[in-house]
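> Predicted structure and sequence below. I'll ask about it afterward.
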Amino acid sequence: MEFAHFTHIWAKADTTPHERYETLWRELKTCDDLDFDYGFCVEHHCCPEESWMSSPSLYAVGASARTKKMRIGPMGYIVPLYHPLRLAEEIAIIDQMMGGRMEVGLVPGINAEYFRPFGKDYSFRKSPTFEFVDYLDHAYGPAQPFSFTGENFQTDRAQISVQPFQKPNPPMWMMSRDPATLDFCAAHGVSTGYFISVPRKDVAPRYVKYLEDYKAAGHTKKPRLAYCTLVFVAETDEMALDKALHHAARAYEGFLPAALPGETFEERVLRYSEKFKERGEDNAAKIMANIFNANFLIENDLVFIGSPDTVARKLKKASAEGMFNVFLGEFNFAELSEDDVIDSIRLFGEKVIPQLREFEPF
């Protein structure tokens, strides 16, 4: 298995953005010292109550300057919000600055509110995200200047001043449980994965198919399938639960829609979970309806909180059940103190990773 430090860069009470970023750099340096494989962040816009990261390129540059070994990247760029040529240029420059340590996550965007301030159409977001993969093949190809004509993007005789360090391009990810997107990822050799909101047992068959299609497409490098959720490690289960469980049960408050007049917290949660029901994902809706229920989170192993042995055991079971070989752990959530976060990261790196490093879930 492989392991990543993942972050939304949640807003924190009584903390400035500068202080929050400085904490992030210390977390990543600790992870790098402990041989974590990756560092990833989100791209969210115009939601200061939730995430303080709207520029994953800046995250990547800042993170790479403070680490030596970890591979770093966005998870991911919201492709429809960018001009494709500008994004291709940024990726190449960052990869050169990193000396070839960049990973590139691409996403269509999960929230319509990220699109509205930019005057972009949220309903038209998947096609340009897929097409950007083809665009990069041309932008980083041997023929320079390059031209591209697609359904979404057109570029006439542009020359990329700086090509990426990695050839033909940095490895790409597209987190998704959507069957059509998984078909695309398998065909193009793009890594994928999913988040806490998706029931592992429900979607495992989709990833079994992805693995079969990936192999049938002729890709020889082992595919990477990721799962992302909260994690906290302490010396004992009791210490971990006492320090972190109540924070885990409040970690995702920033995802909720703004309250309507007179609307209760419980009603906001229900309204948020209904979006999953509308997509026919009843079990995902159940998770989101209970995402603030501490007992539900622990009883269903949706978050990994405990001693090193407990977390390793639960991760091993979950990875086999949910078909993932990369764990994206979010260590800093809600109002956990920095000392507790760093201690948790250190215990995870020293005592959890060694138990699972050689384990192959599939």
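Arrived safely.
> Point me to the residue sitting closest to the centre of the protein.
residue 75 (4.2 Å; CA atoms, centre = their mean).
> In contact with that one, which residues are there?
Residues near residue 75 by CB atoms under 8 Å, 6 or more residues apart in numbering: 6, 40, 41, 42, 56, 105, 107, 173, 175, 328. C-beta here means a position set from N, CA and C on the backbone, and glycine is covered the same way.
> The fourth one is in contact with residue 52, isn't it?
No - Residue 42 lies out of contact with residue 52 (CB atoms under 8 Å); the separation is 10.2 Å.
> can you give me how far stretch 122-137 is from the chain middle?
Centroid displacement of stretch 122-137 relative to its chain, using CA atoms, centre = their mean, to the nearest Å, is 18 Å.
> Among the contacts of residue 75, which ones are in helices?
Judged by DSSP state H, these include residue 56 as members of helices.
> Quick check: of the contacts of residue 75, which lies closest to residue 23?
Among these, residue 41 lies closest to residue 23 (CB to CB), at 13.3 Å.
> And that closest one, how far from residue 171?
With distances taken as CB to CB, to the nearest Å, residue 41 is found 16 Å from residue 171.
> Comparing those two, which residue is more hemmed in?
Taking other CB atoms under 10 Å, residue 41 and residue 171 do not tie; residue 41 has more neighbours (27 against 16).
> Now do the nearest residue to the more buried one once chain neighbours are set aside against residue 88, distance only.
Closest residue in space to residue 41, ignoring its immediate chain neighbours: residue 59 at 4.5 Å, by CB to CB, 6 or more residues apart in numbering. For residue 59, the distance to residue 88 equals 18 Å [CB to CB].
> can you tell me the helix or strand for residue 4?
strand 2-7 (DSSP states H and E).
> In PDB, could you pull the C-alpha coordinates for that strand?
What follows is strand 2-7, C-alpha atoms only, in PDB (Å, rounded to 0.1, in the frame of the first residue of the first chain):
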ATOM      1  CA  GLU A   2       0.900   3.600  -0.400                       C
ATOM      2  CA  PHE A   3       0.000   6.600   1.900                       C
ATOM      3  CA  ALA A   4      -0.800  10.200   1.400                       C
ATOM      4  CA  HIS A   5      -1.300  13.300   3.600                       C
ATOM      5  CA  PHE A   6      -4.500  14.800   2.300                       C
ATOM      6  CA  THR A   7      -5.900  18.100   3.300                       C
END
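> In it, which residues are buried?
Using 16 or more other CB atoms under 10 Å as the test for burial, strand 2-7 gives 2, 3, 4, 5, 6, 7.
> Show which residues not belonging to that strand make contact with it.
The contact list for strand 2-7 (CB under 8 Å, 6+ apart) reads 24, 27-28, 31, 36-42, 53, 70, 75, 224, 226, 228, 325-332, 345, 348, 353, 356.
> again, only using 6 Å
31, 36-41, 228, 326-328, 330, 353 (CB atoms under 6 Å, 6 or more residues apart in numbering).
> any idea how far residue 216 is from the closest residue to residue 136 other than its chain neighbours?
Nearest non-adjacent residue to residue 136, counting by CB to CB, 6+ apart: residue 169, 5.3 Å away. With distances taken as CB to CB, residue 169 is found 22 Å from residue 216.
> Next: residue 88.
Taking CB to CB, one finds residue 88 at 29 Å from residue 216.
> These two: which is more packed in?
residue 88 (25 against 10).
> now the helices for the chain?
Taking DSSP H as the test, the helices found in the chain are 17-33, 56-65, 84-98, 126-139, 179-188, 200-216, 237-248, 265-278, 282-289, 294-299, 308-322, 338-347, 353-356.
> what distance separates the shortest one from the centre of its chain?
Distance of helix 353-356 from its chain centroid, counting by CA atoms, centre = their mean, is 21 Å.
> who touches residue 20 in this structure?
By CB under 6 Å, 6+ apart, residue 20 lies in contact with 12, 52.
> Which segments of this protein make up each domain?
2-251+294-356, 253-290 (automatic domain parsing).
> Comparing those domains, which yields the minimum mean pLDDT?
Ranked on mean pLDDT, the bottom entry among those is domain 253-290, at a mean of 92.
> from what I can see residue 307 touches residue 236, true?
Yes - using CB atoms under 6 Å, residue 307 is in contact with residue 236, at 5.3 Å.
> Neighbour count for those two, which is higher?
residue 307 (20 against 13).
> mind listing what that one touches?
Contacts of residue 307 by CB under 6 Å, 6+ apart are 236, 237.
> List phi and psi for it.
Phi and psi for residue 307, reported as degrees, to the nearest 10, are phi -70, psi 170.
> hmm, back to that, if you tally nearby residues, what's the number for the residue nearest to residue 136?
If we define neighbours as other CB under 10 Å, then residue 169 has 21 of them.
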